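**Q** here's my sequence, what's the structure:
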Amino acid sequence: NWRGDLFVGAGSTYTAVNGYVQQPESTFEVQVGGTTPSTYGRVRSQFQNSVGGDVRNLGRLRVSLAPGFVPTTNTPVPVVVTTPLLPFLDWFTAGVQTPPGTTTTHDDTHVYFQLGAGVCIGDLNHDGLVDDNDFQSFAAAYNILDCSDPLMPPGCPADLNGDLFVDDSAFVIFANAYNQ
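**A** Residues are numbered from 1 along each chain as shown. Below is the predicted model of the structure:
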């Protein structure tokens, strides 16, 4: 049983072990920094209940973007690879946290992260450009910082890396999108 948060950084692999239970207050975060295996965090596991016992993920899954990474394609990235996927389905019931404009899907053995169709990271006003108008929105959210603050716009669209804060990490992503 574990109650704390677990972070798998971009380019890292966490190999899960048999017989563990993620408690409801815990967050399992996987960071994405690209679309090739060496640039995104991965969770790999093979659970054999006859050997290792119960496996449950009762907490939350958060997929975040590495500082400076701006996804530009909607190619799915497999952030969780497991056999079977069943222990991980609780994450979808609880709702997977992802940066605005991104989503997760799953099949029998993978959880995939991808950019939504037609989404441009950093385009906060959805006009197809990342420009000065978006910067004004970003700066206002940056001054608020915490996505849970009631003054933050609904959905915290300036939280570009999905960590629930509009901080320097989100700014690096915004600046890279602004310069493209």
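
**Q** which residues in this protein form strands?
**A** Ranges of strands within the chain are 6-8, 13-15, 21-22, 27-32, 42-46, 56-57, 60-65, 77-83, 102-106, 110-115, based on DSSP state E.

**Q** show me where pLDDT drops low in the chain?
**A** Within the chain, the ranges that satisfy pLDDT under 70 run 1-4, 15-21, 42-57, 82-95.

**Q** quick check: buried residues in the helix of greatest length in it?
**A** In the chain, assigned by DSSP state H, the helix with the most residues is helix 132-144. For helix 132-144, burial by neighbour count (16 or more other CB atoms under 10 Å) applies to 134-135, 137-138, 141-142, 144. The C-beta positions use only the backbone N, C-alpha and C, and glycine is treated the same way.

**Q** and the residues you listed, which is closest to V96?
**A** A141 (21.9 Å; CB to CB).

**Q** for the closest one, what are its contacts?
**A** 152-153, 156-159, 166 (CB atoms under 8 Å, 6 or more residues apart in numbering).

**Q** how close does it sit to Y112?
**A** The spacing between A141 and Y112, counted by CB to CB, to the nearest Å, is 28 Å.

**Q** T102 now?
**A** 11 Å.

**Q** could you do V119 as well?
**A** As judged by CB to CB, V119 and Y112 stand 15 Å apart.

**Q** now do P67
**A** In terms of CB to CB, P67 sits 22 Å off from Y112.

**Q** run through the bridge partners of the most centrally placed residue in the chain.
**A** Nearest to the geometric centre of the chain sits V63, at 1.4 Å (CA atoms, centre = their mean). Judged by DSSP bridges, the bridge partners of V63 are V30.

**Q** CA atoms of stretch 27-44 as PDB?
**A** Taking Å, rounded to 0.1, in the frame of the first residue of the first chain, the C-alpha atoms of stretch 27-44 are listed here in PDB:
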ATOM      1  CA  THR A  27      -1.400  10.600  -7.600                       C
ATOM      2  CA  PHE A  28       0.600   8.600 -10.200                       C
ATOM      3  CA  GLU A  29       2.100  11.100 -12.600                       C
ATOM      4  CA  VAL A  30       3.700  10.300 -15.900                       C
ATOM      5  CA  GLN A  31       5.600  13.000 -17.800                       C
ATOM      6  CA  VAL A  32       5.700  13.300 -21.600                       C
ATOM      7  CA  GLY A  33       8.600  15.100 -23.300                       C
ATOM      8  CA  GLY A  34       8.300  13.700 -26.800                       C
ATOM      9  CA  THR A  35       6.800  10.900 -28.900                       C
ATOM     10  CA  THR A  36       9.700   8.400 -28.900                       C
ATOM     11  CA  PRO A  37      10.300   6.000 -26.000                       C
ATOM     12  CA  SER A  38      13.400   7.800 -24.700                       C
ATOM     13  CA  THR A  39      11.400  11.100 -24.300                       C
ATOM     14  CA  TYR A  40       8.300  10.100 -22.300                       C
ATOM     15  CA  GLY A  41       7.800   8.500 -19.000                       C
ATOM     16  CA  ARG A  42       6.500   4.900 -19.000                       C
ATOM     17  CA  VAL A  43       4.900   2.600 -16.600                       C
ATOM     18  CA  ARG A  44       5.600  -1.000 -17.400                       C
END
